[in-house]
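Visitor: Got a predicted structure plus its sequence, pasted below:
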Amino acid sequence: MPMTLPRRLSAAVIACAATLALSFGPAAEAQNAAPPAGCTGTPSDTWINVVAEGLRNSDGLLAITLYADNPGKFLVHHGSLYVGRVPAVQGTTRGCIFVPRPGVYALALYHDENANRKFDRSGIGLPAEGYGFSNNPATLAGLPSFRSVRLNIPRTGLTTRVQMKYP
C-alpha cells in the first residue's frame, strides 16, 4: 500500500520545493550575477547599467555622475557621490556604476568630448557638451527639477536609458 503524507506535511514539502527552486533557479542567477566588466565606483552588491543614446561621436568620455537622494547636493560642486567615466561610442554608449545600496538616486551624464574631465560651457554659461539625466526630463526651460530625475534602484542589475541632448 502506498504511503500518503498528511495534507499539512504535503503543503510544507511543496512550499520547501518551491523555495529551493526560486533560490537556485534562473531568477536567482539574475540577482546574484556579477557586475559587467568595467563597472565603475566603489564596489558594492548593487549596480546599475546605464545606456546613453544619441552620442554624436566617439570622441572623449561619457561621464556618469551619481547623486544621493538629496536635492541640496544635486548638480552642485562636490555634491555627487561618484563620477564614473567610460569611453564614448557614437550612437549608444554603455556603462555600469556601483551604487552604495538599493535606494533612490539621481544620474546626470555628460559627453566630455575633449576628455578634460569638466562639463564645458559657452561664454554665457550654456552647455557646450552633450548631457542627459535619469528619467529623461524636459530641459528646454533650464535644469530639471530634482524630483523629475529621482531614480529608484530597488535591486542590482537594472538598466536605465538616457537620451543625450546637445546644444
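Guide: Alright, I've got the coordinates.
Visitor: From now on I want contacts and neighbour counts done on CA atoms only, so please keep to that.
Guide: OK.
Visitor: Nearest residue to T156 in space, please, no chain neighbours.
Guide: T46 (4.4 Å; CA to CA, 6 or more residues apart in numbering).
Visitor: quick one, what contacts Y166?
Guide: 128-131 (CA atoms under 8 Å, 6 or more residues apart in numbering).
Visitor: Filter the residues you listed down to just the buried residues.
Guide: Buried subset of these (neighbour count, 16 or more other CA atoms under 10 Å): 128-131.
Visitor: need the residues you listed in CSV with secondary structure and pLDDT, can you?
Guide: CSV is the format used below for these (DSSP: H, G, I helix; E, B strand; the rest coil; pLDDT from 0 to 100):
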residue, secondary structure, pLDDT
A128, coil, 94
E129, coil, 96
G130, coil, 96
Y131, strand, 97
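Visitor: burial count for the residue nearest to T156?
Guide: Neighbourhood size, T46 [other CA atoms under 10 Å]: 22.
Visitor: Contacts only, for it.
Guide: 98-102, 155-157.
Visitor: Just the buried ones from those residues?
Guide: 98-99, 156-157.
Visitor: where does the residue nearest the centre of the chain sit relative to P87, distance-wise?
Guide: Geometric centre of the chain, nearest residue: I48, 3.6 Å, by CA atoms, centre = their mean. Computed as CA to CA, to the nearest Å, the I48 to P87 distance reads 17 Å.
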